[in-house]
Each structure stands twice: as structure tokens, then as C-alpha cells.
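>>> From the sequence below, what's the structure:
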Amino acid sequence: MKKIFSTVLFCGISFFAFARGEQELVEAGHWIYDSIENLCMESGIVNFADSEPASISELKLYLQEIDFFKLSEAGHAELKKIQNYFEYEQIGLKSDIINFGIEPSFNLSVFYKTNDDIDWVYDRYERKPFIFVPLNFTVSDFVAMKMDILLGMNKNNAVKNDVYSNVPLSADSIDINFPDNAYFSIGHRLTQKTGVSFQIGKGARNIGKTLTGSMIWSEYLTGASYAQLSVYSPDIKYTGIVSQFNVDRYMYAHQFDIRLFKKLTITALEGVFVNAPVELRYLNPFTIFHGMAPWREYPDEDDDSYDRESHTGAYLGIKFQFAPVSNLKFYGLFAMTQFQTSYETSNYPDDTTPNAMGGQLGGRYTLPFSKGRFTFALEGSYAQPYLYIKESPNWSLVRTYAENMGNKKYPFYEWIGSPFGPDTISGELNMGYEVPEKWALNFIYLFMARGEMSGTSVFDTMVGSDGKYLWGGVHTNDNAITNTGDEDTKGWCYPGSSGKNSVFPSLTAKELQSLVTPTGTPEFVNRISIRGTYNFSSKIECVLQPSFVFIFNKGHEEGKKAAGLEVAGACSIKL
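I've put the predicted structure just below:
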């Protein structure tokens, strides 16, 4: 042991505790983004910290504008909490400017529900791995790399009704597909107010701070790989993105953010989703994808039509934030994959292309009181039946995958935006009181009117006569869904596609084009949750969340009702 210890010292390596690097990313959905929003609202300003993930260097730039003297006692505590996170000393190894650290934590969750016909409220997105050990590698303040090592339950088991804990109790319940999040990040602050950064990573992204998940790009799209270039300042930001959903399924996008008078931000995102290998022309960071007319350049083998839209999907996102006074903020998001004028839909009988748009509007008000703050937030959203959906699932804006352990029959699907998917009207009320780093209590009410094309039902109904899913998991080709030889085979839901329509087989293509949300027999969901959080210390946090769900027209069956109670508890201990 003495020889080993001497060798370590000779090599210039020592055990050391060191702060985070400037280029480390704060992952999408992290509590820091909520805290920065609270501080900005107290200061009466908005910024670009609602696009995630962002580097610590970028977030520090936005925090420089916070007016310390305008902050309440809760604001001071929130600011201190953020500073403690940035200055957190990881245990690890240090050699000159190279650092290697770990941040281990134990997370125990238990949950139970009374009705197996109702989905989990405290679902797989909420549950943390039982053992979680992020590995961090930094080179001064210029380079950062991270990989999440974990022992947790795979998604096949996380969705089961008879699983009541996040502890994997058998070999086939273990998640062997980690890391879910990993990245390489490099960047530099060019001046006091301008920086540049570049990342190659795997994990969730988010555009827009909302209650129910961004309509444009939400953290509920997990596990996708991406490359991201950002140039940021307080009033102008550019982000170029290439994200791989599956093999030969790429989203190319660029995003511009501007801020006016520190009160208003406007964001525009233009993208194109392409079902083809990576192409250099889409990597140009300062171009207009629509001008390339790429939909004309990927004809099917059985259709060489010059103007047939194939293997591509255009995407547009627009967002705003507005803070008229301190402690009050309004926001709105708009997403679109297709727009047809009324002239086109009325005067061209062969045109069956449907509109595909969605939007969110919300407001948030905070009221500092004593050592904490009251929060009142309200949000509504509307998604048309074909939002994110294109002529084939291959170039629809969805990621699909299957687990390697357990039952691999059931694929998973995650839309680029709202986790509610298309064909949904929703509204959420969230109000509560919080004392930062102490405790919080929130009341949450969610209402949804879901049509028969909502969620991921357009995939779930697409099965063959053998009971196998025709698209999803590792199967990302649509040969099977266009097969009309099998009468039991259901085709894709898009108007005019080959085969039977998977959701409304009796409707004509023109009738499908004119569907409005919610389609068919709508399912009405009412969900009430009370979430309590208590921090015994900066390293121990406990959560208790009872929920009650009541559904009318369950499963889109007229008059069918379902109700259920769920209780979830969690405790997180950081070492």
C-alpha cells in the first residue's frame, strides 16, 4: 500500500475536492432552471435560460443581471442554493488542470395505485435510479465530459402495474442501457457578456419553460443523441442543432433568440426531419431548409413523382416570454409541421394533406411572503390531430426504442414535443408555497380532453394479425404498414396512405383531413395531485405525492368511467 501511495504522489495525482467546471452542462429538467426563473421574475426580467441543457458558464452570465436588492428573503436563499450548486466540491482526482469527480446518490421510491387501468402519475420520467453515480471529467474551464452510471429499473418494468419500488429485484428488471445522459462540452467566454459552446451528447433537450412539457421540444424526448453549437449573449443567441432520433432519422434545426428591453424574448426555430443518412447540406448553420425543397429528392422505389413529399418533415417553432412587472410572466409556444390554406383544402379534391399545428399559453405569478413565496401558474394547450405526424411513421417527429431486457415486444414512443402527443386539449393549474431549501407544498390539477389519435395510440393500434407491432422499437421501416394483403393488418393513420387507416378505418382520406381535436369519442381526464417536499439537509430530500384520477369515456368508450388513487413517496440521499 505504501508503494502504491508513493506512486500516486509521484505522478502528481491527489485526492481532491474541486468545484464544477464552467463548461459542465445542467441537464434539462434540473431544478436550477426553476430557481433562475424565480429570481428573474422577482427582478422583472426574462432571459434565455429556458432552453436546456445550458452550460454553467452561460447560466452564470444570465445570473449577473439579477438585482440582488430586489430579491426577497426567499430570493436570497434561492440565489445561495444556486451558488452552492456551482461551487459544489466533487470528490475525485486532480492532476494540474485535469479533474475527475463523482457525485453518488441513493434514491429510494415507493408507489402504489388502486386501479391498474389508469397510468402512473408518478411515472418513469419522475422516478430516479436507485443508485446514481455521475462521472465528471473537466479540463480547467474549457472542456467538460460527463457520463451517468446507475443501477436502476428498466422501462419495461417501470410501466408495470405490479411494481411498487424503483429497486430492481431481479436480473431482467435492471436497466443495462445506461448511460441515458452523456456529453462532451467545450466552450469559452469570449468577453464578459458573450460566449460560445459546442456539445456532442445524448439525453433530453427542452425549449421553453412550461408546466406540462414544451410543445416545441420537450425533455420527455429522452435518449436522443445530438450535436449543438451555441453563441450566446444577454440579448442575442444562436443555436444550431442536429439530433438523431433513430438510425437514418435526423432532425436538423437552428434556433434564434432575441431579447427586447429585458422584458420580452422571442424565439424562432426552423427545422427539417429527414429519414436518410447524414447529409452535409443540412449542416450549414445559416440556411433555410425549406429552400432546398428536400421533399422532392427522396422518392419511393415505386413512385418517382417529382413533387411527392417523402422522407422529410418540415418543422417550425415560435416562442415568447413577457414579464410586464416583477413577479409576473406570460409565455406562449407554437409548433407546426404542416399548414394548408382553406383554398387548398377546398379547391383541390385530390389534396388530402391535413393541417398540423399546436400551441400553449400560460402565465405565472409569484408572491414573496415571509421566508418563502406563493406561486400561482395556469397553462392551456391545444394540438391538432396530425401534429408531429407525417405520411409515414419513418419521418414523423417521434423517437422509438425497445429495451434489451425483459419483454421486448412493446416498443416505446416519445414525441419531439408535448408528451400528450397530438389530438389533445389540456389545462393545468399549479399553486403552492415554497421555502427554498426547506420545504414546499403544491396543489396540481390537470385536465385533458384526448381524442382517439392522442398520446401514442396511432402506433399502439398498428398491429398485425400475429399481434406484433408493425412499427417501433428496432423496427423503423414501414414495409409492413403498407401491406394490404393481410386483412387484419392496419395501415398508417395519415390521410391517403396505403392500407387501412389504423384509427378511423371507415373514413375517407378527405374526411380524415378535416378531423378536429378531440377526434372520435373523446376521453376526459381529471387528475389532482398534492406534492409535498421536505429537505432535512442539503443532502437529504423527501417527497410525498398522493394523486387522484377520474376519467370519463375511459378508453374512448361512451359512458365508461374509471377512478383511482395513487400514493408515491421518495427519498434522495447525496453522498
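>>> which residues in the stretch 451-575 of the chain form helices?
457-460, 509-513 (DSSP state H, counting those that start in this stretch).
>>> oh, I was asking about the chain
2-10, 31-43, 56-63, 73-86, 155-158, 342-347, 457-460, 509-513 (DSSP state H).
>>> Would you mind giving those as CSV with mean pLDDT and distance to Ala204 added?
All C-beta atoms are positioned from the backbone trio N, CA, C, and that covers glycine. What follows is the helices of the chain, written out as CSV (pLDDT from 0 to 100; distance: least, Cβ to Cβ, whole Å):
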stretch, mean pLDDT, distance to Ala204
helix 2-10, 39, 37
helix 31-43, 96, 12
helix 56-63, 96, 17
helix 73-86, 93, 19
helix 155-158, 89, 14
helix 342-347, 80, 36
helix 457-460, 90, 21
helix 509-513, 89, 32
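>>> do you know which of those helices lies nearest Thr212?
Closest of the helices of the chain to Thr212 is helix 31-43, at 14.6 Å (criterion: Cβ to Cβ).
>>> And stretch 113-124, what's buried?
Going by neighbour count (16 or more other Cβ atoms under 10 Å), the buried part of stretch 113-124 is Lys113, Ile118, Asp119, Trp120, Val121, Tyr122, Arg124.
>>> just stretch 256-269 next, same as before
Asp257, Arg259, Lys262, Leu264, Thr265, Thr267, Leu269.
>>> Identify the farthest-apart pair in these.
Lys262 and Leu269 (22.1 Å).
>>> In the stretch 401-550 of the chain, where is pLDDT below threshold?
Residue ranges of the stretch 401-550 of the chain with pLDDT under 70: 406-409, 477-490, 497-500.
>>> Who are the contact partners of Met147?
Met147 makes contact with Pro134, Leu135, Pro179, Asn181, Ala182 under the criterion Cβ atoms under 8 Å, 6 or more residues apart in numbering.
>>> at 6 Å instead, please
Leu135, Pro179, Ala182 (Cβ atoms under 6 Å, 6 or more residues apart in numbering).
>>> So which of the buried residues of stretch 256-269 sit within strands?
Among the buried residues of stretch 256-269, DSSP state E puts Asp257, Arg259, Leu264, Thr265, Thr267, Leu269 in strands.
>>> which one is the fifth one nearest to, not counting chain neighbours?
With sequence-adjacent residues excluded and distances taken as Cβ to Cβ, 6 or more residues apart in numbering, Thr267 is closest to Lys319, at 4.0 Å.
>>> Contacts only, for the one you found.
Lys319 touches Gly208, Thr267, Leu333, counting by Cβ under 6 Å, 6+ apart.
>>> ok so, going back, I'd like the buried residues of stretch 256-269 laid out as a markdown table, including pLDDT.
Output for the buried residues of stretch 256-269, formatted as a markdown table (pLDDT from 0 to 100):
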| residue | pLDDT |
| --- | --- |
| Asp257 | 98 |
| Arg259 | 98 |
| Lys262 | 96 |
| Leu264 | 98 |
| Thr265 | 98 |
| Thr267 | 98 |
| Leu269 | 97 |
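>>> any chance of those in JSON lines, plus distance to Met145?
JSON lines is the format used below for these (distance: Cβ to Cβ, whole Å):
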{"residue": "Asp257", "distance to Met145": "26"}
{"residue": "Arg259", "distance to Met145": "31"}
{"residue": "Lys262", "distance to Met145": "34"}
{"residue": "Leu264", "distance to Met145": "36"}
{"residue": "Thr265", "distance to Met145": "30"}
{"residue": "Thr267", "distance to Met145": "28"}
{"residue": "Leu269", "distance to Met145": "27"}
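>>> Relative to Val274, which of the helices of the chain is closest?
Once the helices of the chain are compared by Cβ to Cβ, helix 457-460 is nearest, at 20.4 Å.
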